[in-house]
Every structure is written in structure tokens, then in C-alpha cells.
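Trainee: I would like to see how this sequence folds:
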Amino acid sequence: MDVYPDFGATSGAGIQAVLGALLTVVLVVAVLMILVSAIAWAVASSHGSHTGVAKAKAGLFVGIAAAALAGAGVAWLNFLIRVGSNL
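Mentor: Purely as a prediction, here's the structure:
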């Protein structure tokens, strides 16, 4: 069984289902963080707030990194599950 993002897996069907649900939540929060940070960057830039631009830019990069790590986490968990089942 592979781990994949799934909203309906929070019923406790198994560890893989719960991990998939948690990764889904992380991906959704990361995408929302990217959207909010991009909007904040645009607003701060249009108002000439250099401090706001710097903070929004940092938030955008953190959101992108979190989304990338969560996506890589799916592949890593699938690899570990396959290796663990062969031991």
C-alpha cells in the first residue's frame, strides 16, 4: 500500500492512511501560505514598505520549501514502506 494524500483517511484505517491525511493537510497549509505571502508581497510592494516586502518574501520561500518537503515526504514514506515490507 502506498502513501498518498487523502482527505478521507482520518478514520484511523491504518498508519499509511493517517500519514497520507497529515501530508495532505501540510500541502494545503503550504499552498495557502504561498498565496497569502504572495498577496502580502504585492500589497507591501505597492505601498513601498520594504520591511513588509522582506517578510512576505521570506514567507513565500518558506511556503515553497514546506510544499516541496511535503511532496518529497510522500516519496520517502513510500520508499520506507517498501523497504520495511521486504525486511
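
Trainee: drop to CA atoms for contacts and neighbour counts, all remaining ones
Mentor: OK.

Trainee: For the helix ranked longest in the chain, enumerate the helices and strands it packs against.
Mentor: Using DSSP state H to define each element, the chain has its longest helix at helix 50-86. Applying 3 or more C-alpha pairs under 8 Å, 6 or more residues apart in numbering; DSSP states H and E, we find helix 50-86 packed against helix 15-47.

Trainee: can you pull the buried residues of the helix it packs on?
Mentor: Neighbour counts over helix 15-47 (16 or more other C-alpha atoms under 10 Å) mark 16-24, 26-27, 30-31, 33-34, 36-38, 40-42, 44-45 as buried.

Trainee: Now do the longest helix of the chain and helix 15-47, the angle between them.
Mentor: Orientation check (axes from the mean of the first three to the mean of the last three C-alpha atoms, to 10 degrees): helix 50-86 against helix 15-47 gives 170 degrees.

Trainee: For helix 50-86, give the mean pLDDT please.
Mentor: The pLDDT scores in helix 50-86 average 89.

Trainee: Find out how far that helix is from the centre of the chain, if you would.
Mentor: The chain centroid and the centroid of helix 50-86 are separated by 5 Å, computed with C-alpha atoms, centre = their mean, to the nearest Å.

Trainee: Any buried residues in that helix, and which?
Mentor: 52-53, 56-57, 59-60, 62-64, 66-67, 70-71, 73-74, 77-78.

Trainee: what's stretch 41-56 in contact with?
Mentor: 37, 38, 40, 57 (C-alpha atoms under 8 Å, 6 or more residues apart in numbering).

Trainee: ok, which pair from those is furthest apart?
Mentor: Using C-alpha to C-alpha, the pair of those lying farthest apart is 40 and 57, separated by 8.7 Å.

Trainee: follow-up on the earlier one: and of the contacts of stretch 41-56, the nearest to residue 86?
Mentor: Among those, residue 37 lies closest to residue 86 (C-alpha to C-alpha), at 43.1 Å.

Trainee: And that closest one, how far from residue 84?
Mentor: Distance of residue 37 to residue 84, given as C-alpha to C-alpha, to the nearest Å: 39 Å.
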